[in-house]
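**Student:** Whatever this is, show me its structure:
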Amino acid sequence: MKILYLSACSQLGGAERVLLDMLASIRAANAEVSLHVVTTEDGPLISECGALGVQATVVPLPKRVARLGDAASEQSLMNLFAAAPSIIAYLFRLRRVIRSFAPDVVHTNGFKVHVLGVFAKPRGAALVWHIHDFVSSRPVMARLLRHLSRFCDLAVANSSAVAADVRAVCTVPQTRGITVKTVHNAVDLHRFSSTGAVIDVDELAGMRPSVPDTIRVGLIATLARWKGHETFLRAISLLPRHLPVHGYIIGDAIYQTDGSQHSLGELRALAGKLGVADSVGFTGFIDDTAPAMRALDIIVHASIEREPFGLVIAEAAACGNSIIASQNAAATELMHDGIDFVSHDAGDPLSLAVQITHLAADAKLRNRLGASARATAERVFDRARLATELLPLYQTLATQTQVQTAEPEIRELCSLTSDF
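**Tutor:** As a prediction, this is how the structure comes out:
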């Protein structure tokens, strides 16, 4: 069986880390399955695939297409239509590369490649969309995926909440509706554990060394605006002055989409305005976040919008950290508030500050939450589960005696404009 993964990005965001975990899990479970990755840009994902023994091919996406956003504005739609010739030319290149591999299943990883995959997959290959985000929050993409869902053989959702959202968006009247399976994200429990290398986050952030008994509280995320960096900074500014807390923002802007991210300079300026510049450090992007997690006492998840999963929560649980997570995080479908994490109201700096204060003042509570989180990770977040859940799905799709969906012609891409 041949599986080709089509990735929208080669930077190591959450979706790309999930892809690597899938590859590692399948490679460990069944060395006979042939795996190949095609991605739209060069980046760290390429070498990470190589380390797993999986070949990766780059088919560069035109910058004009890569920078397309999904805001529900007239300008965004005009940009989409203007890019149509570039998209069509790109599809012909992508089709040649994918068809040379002759996959049984094409598994797409990211909204843009869900659309591209419909037109680029070979005749007879099954198409799997791996949905990592709420489709309903992407107005333009929701219309596209609803229109194209009849060409998708299976949608894999990373949480029950996302699965329900996909069904709601992609169910077309008088059709059987899209088939959706929930496969929760998982992590490498050996890499993410309480033992191993620890990095000096103070030095990395250019801060003065922390005094003994300092409580290190970190937010680890890309700089996407909805990840709650402003909420985190405002919460730090509300902490009691006597509390020995240092905050850390770990991550950087990694995507090409216009207007979707903060810059580090923007966040540093906000920290200065709030009077916490001396107590908050910015490390920038860290390739391996596990040593940073082991350096922290508390890990904060602060997303202000519904979080489709929240991989950092699973990683922090595996490291045995005490975790404060937004109530809207779908990863907590598998956890219990007050047992292996504590929650705060999404987007509410005061609610987050109260929880940080509570945990910073109670080492026993932090230790209890951390131990319970690790036990939960061992039970539900072990990435060995991914192969167990995905391989039977692939096998079923690959052995179907007839293709259940028609293959669209590229000219249909142009007809999508009638939907807008």
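
**Student:** from here on, contacts and neighbour counts on C-alpha atoms
**Tutor:** Fine.

**Student:** Least confident secondary structure element in the protein?
**Tutor:** Least confident helix or strand, the chain: helix 74-82 with a mean of 50, by mean pLDDT, DSSP states H and E.

**Student:** Could I get the buried residue list for whichever helix or strand comes after that one?
**Tutor:** Following helix 74-82 in sequence order, the next helix or strand is helix 84-101 (DSSP states H and E). The neighbour-count check on helix 84-101 (16 or more other CA atoms under 10 Å) flags 87-88, 90-91, 94-95, 97-98 as buried.

**Student:** Please apply the same query to stretch 359-373.
**Tutor:** For stretch 359-373, by 16+ other CA under 10 Å, it's 359-360, 365-373.

**Student:** Same check on stretch 240-249?
**Tutor:** Here stretch 240-249 shows 244-249 as buried, counting by 16+ other CA under 10 Å.

**Student:** so how far does stretch 167-177 reach from one end to the other?
**Tutor:** By CA to CA, to the nearest Å, the extent of stretch 167-177 from end to end equals 7 Å.

**Student:** If you could redo that for stretch 317-324, that was the one I meant.
**Tutor:** End-to-end distance for stretch 317-324: 11 Å, by CA to CA.

**Student:** Show me the shaky parts of the protein.
**Tutor:** 64-84, 173-176, 254-260, 401-420 (pLDDT under 70).

**Student:** would you say Asp133 is within a helix?
**Tutor:** No: counting by DSSP: H, G, I helix; E, B strand; the rest coil, Asp133 is not found in a helix; it is coil.

**Student:** What separation is there between it and Gln11?
**Tutor:** Taken as CA to CA, the span from Asp133 to Gln11 is 17 Å.

**Student:** Between the two, which has more neighbouring residues?
**Tutor:** Asp133 (23 against 19; other CA atoms under 10 Å).

**Student:** can you tell me how far that one sits from Arg306?
**Tutor:** Taking CA to CA, one finds Asp133 at 9 Å from Arg306.

**Student:** about what we covered before: need the buried residues of stretch 359-373 in CSV with distance to Asp202 and secondary structure, can you?
**Tutor:** Putting the buried residues of stretch 359-373 into CSV (distance: CA to CA, whole Å; DSSP: H, G, I helix; E, B strand; the rest coil) gives the following:
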residue, distance to Asp202, secondary structure
Leu359, 21, helix
Ala360, 18, helix
Leu365, 25, helix
Arg366, 21, helix
Asn367, 22, helix
Arg368, 26, helix
Leu369, 25, helix
Gly370, 22, helix
Ala371, 25, helix
Ser372, 28, helix
Ala373, 25, helix
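
**Student:** between those residues, which is nearest Val187?
**Tutor:** Ala373 (13.3 Å; CA to CA).

**Student:** Does that closest one touch Ser322 like I think?
**Tutor:** Yes: contact criterion CA atoms under 8 Å: Ala373 and Ser322 qualify, at 7.5 Å.

**Student:** what's the overlap in contacts for these two?
**Tutor:** Common contact partners of Ala373 and Ser322 (CA atoms under 8 Å, 6 or more residues apart in numbering): 340-341.

**Student:** OK, contacts around the closest residue to Asn367 other than its chain neighbours?
**Tutor:** Ranked by CA to CA, 6 or more residues apart in numbering and with sequence neighbours excluded, the top spatial neighbour of Asn367 is Ser322, at 7.1 Å. Shown in contact with Ser322 (CA under 8 Å, 6+ apart): 297-299, 316, 340-341, 366-367, 369-370, 373.

**Student:** Need phi/psi at Ser322.
**Tutor:** Backbone torsions of Ser322, given as degrees, to the nearest 10, read phi -80, psi 140.

**Student:** And Gly53, by the same measure?
**Tutor:** Per degrees, to the nearest 10, the backbone of Gly53 is at phi 80, psi 20.

**Student:** Number the residues from 53 up from this point.
**Tutor:** Sure, I'll start counting at 53 from here, so that last one is Gly105.
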